[in-house]
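Undergrad: Take a look and give me a structure for this.
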Amino acid sequence: MAQAKQGDTVKVHYTGTLADGSVFDSSVERAPLEFTLGSGQLIAGFDEAVNGMSPGEKKVVKIPAEKGYGPRRDEMKAEVSRGELPPDLEPVVGMQLQANQQDGRSMVVTVIEVTDESITLDANHPLAGKELTFEIELLEVA
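TA: You can find the predicted model right below:
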């Protein structure tokens, strides 16, 4: 049976959980995840975990933040004056907004604090700084 290797297109089912056991994502109730090993489409730790697996094999892996979404970085937070926001926007903590970067690309930011004068935005990925556990089943290697 062929083992998955760099450059192979694979299909997997997975369930991702946090340290407290809460599920943050799963493909089990939907179509399997299809990706090419080594292409950079997924976090490094997930890619590494699938590398060498055989179809039908299941495993549970813990992925440290460094091989997941990286550490939380304070420089990814910014305070913005309420005057810079659209007048009809009523920000609340936890709300996600789309912001334009200086190079014209957009990114998702999360509102983490709201005052009468300003809001604080966090551009860190919501899973940054967290150890992730994945239950992975390799379904197919192409």
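
Undergrad: Let me see the ranges of the helices in the chain.
TA: For the chain, applying DSSP state H gives helices covering 44-50.

Undergrad: The lowest-mean-pLDDT helix or strand in it pairs with which strands, parallel or anti?
TA: Here the helix or strand of the chain ranked lowest by mean pLDDT, DSSP states H and E is strand 96-100, holding a mean of 88. Applying DSSP bridges, strand 96-100 is found paired with strand 106-114 (antiparallel).

Undergrad: and the partner strand, how far out from the chain's middle?
TA: Chain-centre distance of strand 106-114: 15 Å, with Cα atoms, centre = their mean, to the nearest Å.

Undergrad: related to what we said a few turns ago, can you mark which positions in the least confident helix or strand of the chain are buried?
TA: Of all the residues in strand 96-100, those buried under the rule 16 or more other Cβ atoms under 10 Å are residue 97. Where C-beta positions appear, they are placed from N, C-alpha and C, glycine not excepted.

Undergrad: what's the burial count for the residue nearest to residue 97 when sequence neighbours are not counted?
TA: Spatial nearest neighbour of residue 97, chain neighbours left out: residue 109 (5.4 Å); criterion: Cβ to Cβ, 6 or more residues apart in numbering. Neighbours of residue 109 under the rule other Cβ atoms under 10 Å: 21.

Undergrad: who are the neighbours in contact with the closest residue to residue 42 other than its chain neighbours?
TA: Nearest residue to residue 42, sequence neighbours excluded (Cβ to Cβ, 6+ apart): residue 35, at 5.7 Å. With contact set as Cβ atoms under 8 Å, 6 or more residues apart in numbering, residue 35 has these partners: 9-10, 41-42.
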